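> coordinates for the following, if possible.
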Amino acid sequence: MSPRVVFDTNTVVSALLFPTGSLAWLRQSWQGRTVIPLANKATMQELYRVLSYPKFTLAAADREELLSDYLPFAELVTTPARPPALPQCRDPDDQKFIELAFSAQADMLVTGDKDLLVLANKVKFLICNPAVCRDRIIPTGKS
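Numbers count the residues shown, from 1 in each chain. Okay, here's the model as predicted:
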């Protein structure tokens, strides 16, 4: 069974915007169902907002096309309005990823954000960077 994974926004954006970049394997992994991305309303809103940043110079049609390479593969999860007591992230804007991973019973949360990575030993799911995720989901010698 494929691992159920919460990807933070920067990870998803990197995989979507840079098809030959260091996270290109990630896009192939969710499209091939090697992983099941998990999302909720808050994470999807943030993803859309970030893709709208002027620095990316993406037209609305371009944003929709990028999202169509992600959303159909994601499992949408409803998180409770009043989340349970969980470790608090130093950056309150990142708390939504902890709450989603907990609520969805994710196998892992993948991030490069130090504010999330420091919580790795305080939750029951794995919090790791993309390299660790890749080592866990892609057998050695494959790309």
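
> and E64, how far from L47?
To L47, E64 is 12 Å away according to CB to CB, to the nearest Å. Backbone N, C-alpha and C define where each C-beta goes, glycine included.

> actually P83, not the one I typed
P83 sits 20 Å away from L47, going by CB to CB.

> so the two - more neighbours on which side?
Neighbour count, other CB atoms under 10 Å: between P83 and L47, L47 has more, with 24 against 14.

> give the contact list for the more buried one.
T9, V12, V13, A39, L67, Y70 (CB atoms under 8 Å, 6 or more residues apart in numbering).

> burial of M1, as a residue count?
M1: 5 surrounding residues under other CB under 10 Å.

> what's the answer for T20, then?
Residues near T20, counting by other CB under 10 Å: 5.

> average pLDDT for the helix or strand hosting L100?
Using DSSP states H and E, L100 maps to helix 95-103. Mean pLDDT, helix 95-103: 96.

> what lies in contact with it?
The contact list for helix 95-103, computed with CB under 8 Å, 6+ apart, reads 6, 8, 38-40, 42-43, 46, 77-80, 83-84, 86-89, 106, 108-109, 111, 116, 119, 123, 125, 127.

> from the contacts of L47, which land in strands?
Residues of the contacts of L47 located in strands (DSSP state E): A39.

> tell me which of the contacts of L47 fall in helices.
Assigned to helices by DSSP state H, the following of those qualify: T9, V12, V13, L67.

> adding pLDDT, neighbour count and distance to L23, write these out as JSON lines.
Shown next, in JSON lines, are the ones in helices among the contacts of L47 (pLDDT from 0 to 100; neighbours: other CB atoms under 10 Å; distance: CB to CB, whole Å):
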{"residue": "T9", "pLDDT": "98", "neighbour count": "22", "distance to L23": "13"}
{"residue": "V12", "pLDDT": "98", "neighbour count": "26", "distance to L23": "9"}
{"residue": "V13", "pLDDT": "97", "neighbour count": "20", "distance to L23": "9"}
{"residue": "L67", "pLDDT": "96", "neighbour count": "17", "distance to L23": "17"}
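
> still on that earlier bit, buried ones only from the contacts of helix 95-103, please, as a PyMOL command.
To isolate the buried ones among those in PyMOL, judged by 16 or more other CB atoms under 10 Å, type:
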select buried, resi 6+8+38+39+40+43+46+77+79+89+106+108+109+111+116+119+125+127
